[in-house]
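> just coords:
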């Protein structure tokens with residue numbers, strides 16, 4: 001994974017991941033990934049991706065592990081958070097995160113409900129992957145957003161103003 005910019009506010013790139021069977025096999029253009037990258041870049045982050053993977057626990061967990069290994073301080077996913085049988089982004093994410101943050105996930109659902117009642121069906125999670133000693137202090141914040149492009153923008157509008165503080169905390173900064 002190569003970042004598309006040299007520097008991010010965190011000093012490390014962030015990774016955008018699209019989870020979609022149809023986008024991964026070329027049947028559908030990845031519109032939500034484009035919105036996600038644009039929103040992250042507008043916040044000043046160097047963005048790797050969108051990395052497009054098919055739905056499924058293993059593909060999501062693999063993409064997250066790869067981003068963490070590459071040193072990303074933030075990974076935001078889009079897609080795979082609904083109720084469909086292949087919507088397994090939360091399950092793949094839970095295999096990788098070491099600490100969850102249900103408050104942020106609930107904030108995203110609550111604010112999403114201002115736009116559509118379907119936000120309540122999102123099963124997205126938010127959590128931290130603590131880094132190993134070899135990686136140094138800190139970790140990676142992982143945020144699952146729904147796959148609808150408008151839901152991605154709405155979610156980034158909610159989480160965007162919080163990111164600098166959250167990433168500082170994950171890196172070991174003061175509260």
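Yes, it's here. Small disclaimer: the values here were computed from a predicted structure and weren't measured.
> can you pull up the most central residue in the chain?
The residue lying closest to the centre of the chain (CA atoms, centre = their mean) is residue 76, at 1.4 Å.
> list the residues that contact the residue lying closest to that residue once chain neighbours are set aside.
Among residues not flanking residue 76 along the chain, residue 143 sits closest, at 4.8 Å (CB to CB, 6 or more residues apart in numbering). The C-beta positions use only the backbone N, C-alpha and C, and glycine is treated the same way. Listed by CB atoms under 8 Å, 6 or more residues apart in numbering, the contact set of residue 143 reads 74, 75, 76, 77, 104, 108, 124, 126, 155, 159.
> could you redo the last one with a cut-off of 7 Å?
By CB atoms under 7 Å, 6 or more residues apart in numbering, the contact list for residue 143 reads 76, 126, 159.
> also residue 40?
The contact partners of residue 40, by CB under 7 Å, 6+ apart, come to 14, 16, 47, 76.
> likewise residue 32?
18, 78, 79, 147, 148, 149, 152.
> assumed the last one was part of a helix.
Right, residue 152. Yes. Residue 152: assigned to a helix according to DSSP: H, G, I helix; E, B strand; the rest coil.
> which strands or helices does whatever helix or strand the residue nearest to the centre of the chain lives in pack on?
Under the criterion of DSSP states H and E, residue 76 resides in strand 74-78. Applying 3 or more CB pairs under 7 Å, 6 or more residues apart in numbering; DSSP states H and E, one finds that strand 74-78 contacts strand 14-19, helix 31-42, strand 139-145.
> so where do the helices sit in this structure?
21-24, 31-42, 57-69, 89-94, 102-112, 149-159, 163-170 (DSSP state H).
> closest to residue 137 out of those helices?
helix 163-170 (9.8 Å; CB to CB).
> quick one: that closest one to chain centroid distance?
Distance of helix 163-170 from its chain centroid, counting by CA atoms, centre = their mean, to the nearest Å, is 14 Å.
> kindly report the same for stretch 64-78.
Centroid displacement of stretch 64-78 relative to its chain, using CA atoms, centre = their mean, is 8 Å.
> then stretch 121-140?
Distance, stretch centre to chain centre, for stretch 121-140: 10 Å (CA atoms, centre = their mean).
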